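Visitor: Sequence unavailable; structure follows:
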Ligand code: ATP
């Protein structure tokens with residue numbers, strides 16, 4: 001007997017860094033949505049109180065370093081749960097890619113254990129709890145489209161953006177989120193039009209969304225990681241309506257309306273990029 005949860009990847013439609021706070025965190029503002037590329041998690045009830053992680057992906061830790069483990073431990077301690085759980089993670093989201101795979105697993109764990117342990121915690125409370133595990137976890141608990149503020153934990157839900165195809169390509173060279181933020185010159189940023197993006201989403205204006213894709217972290221990543229720029233150029237040449245790096249990278253995504261064009265971009269990237277995916281934009285919660 002087990003229950004399962006899907007943990008979809010997120011992409012950033014905008015990512016802005018406003019200022020550095022006194023607590024040394026950056027105050028950020030970003031519009032995020034989900035795509036149909038998801039990890040699948042299974043939760044098996046254990047009568048003894050242990051938390052076990054099972055994953056065949058060698059990049060995914062199977063101990064307390066796993067964000068799903070940390071989410072389970074937090075929930076168990078905070079709500080004094082005696083039972084335990086074995087969490088099987090079928091990893092489909094590329095790891096350390098800027099797609100919030102770990103955060104989405106943590107969020108799916110909060111939702112899944114809320115059901116498995118019959119805790120009946122409202123989703124808004126799960127999101128607050130999730131922010132203790134990581135700043136993207138709150139967004140992933142809702143799993144929809146949202147404006148995230150603060151460190152990423154203040155969530156204002158938005159409607160789903162207009163339907164389209166998303167081509168994702170992950171360059172081989174990784175990036176360190178911490179070093180990207182450290183290298184950021186806050187007085188030299190060209191800020192995204194976050195309000196305009198929200199309006200375009202509210203009006204279901206696909207071209208408006210495309211026109212406003214922007215991520216201030218690209219200013220650091222593009223010069224350091226030429227593959228990111230190469231992939232962006234290739235996607236544009238092959239007909240993407242708009243392209244952007246997601247999160248702190250290095251994954252690049254392109255938006256298109258026709259599936260045939262998405263496939264054309266996919267084929268044009270296959271030669272020099274190992275990890276390429278064509279998926280639908282989700283944008284609304286698939287939570288069970
Ligand atoms: P974000 O977009 O939130 O910055 P990311 O997509 O760049 O995240 P993740 O895939 O979440 O990065 O992985 C970052 C690191 O977290 C990995 O190197 C891995 O060691 C660790 N990690 C912990 N738990 C998980 C998990 N469940 N899945 C993937 N990575 C995990």
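Guide: Yep, it's here. Note that the coordinates shown come from a computational prediction; the quantities given were computed from them, not determined experimentally.

Visitor: Now do the buried residues in stretch 272-284.
Guide: 273, 276-279, 281-283 (16 or more other C-beta atoms under 10 Å). Using the backbone N, CA and C atoms, a C-beta is placed for each residue, glycine as well.

Visitor: nope, stretch 163-178 is what I was after
Guide: Result for stretch 163-178 [16+ other C-beta under 10 Å]: buried residues 164-171, 175.

Visitor: near the ligand at all, it?
Guide: Yes - judged by C-beta under 6 Å from any ligand atom, stretch 163-178 and the ligand are in contact via residue 177.

Visitor: From one end of that stretch to the other, what's the distance?
Guide: Start-to-end span of stretch 163-178 (C-alpha to C-alpha, to the nearest Å) is 33 Å.

Visitor: now swap in stretch 119-133 and tell me
Guide: 19 Å.

Visitor: Any residue of it touching the ligand?
Guide: No - using C-beta under 6 Å from any ligand atom, stretch 119-133 stays clear of the ligand, with a minimum separation of 9.7 Å.

Visitor: ok, and what's touching that stretch?
Guide: 67, 70-71, 74-75, 78-79, 81, 103, 106-107, 110-111, 113-114, 137-138, 140-142, 151-153, 155, 287 (C-beta atoms under 8 Å, 6 or more residues apart in numbering).

Visitor: just the residues you listed that are near the ligand?
Guide: Applying C-beta under 6 Å from any ligand atom, the subset of the contacts of stretch 119-133 adjacent to the ligand comprises 67, 103.

Visitor: Now that we have the contacts of stretch 119-133, which of them are buried?
Guide: By 16+ other C-beta under 10 Å, the contacts of stretch 119-133 give 67, 70-71, 74-75, 81, 103, 106-107, 110-111, 113-114, 137-138, 140-142, 151-153, 155, 287 as buried.
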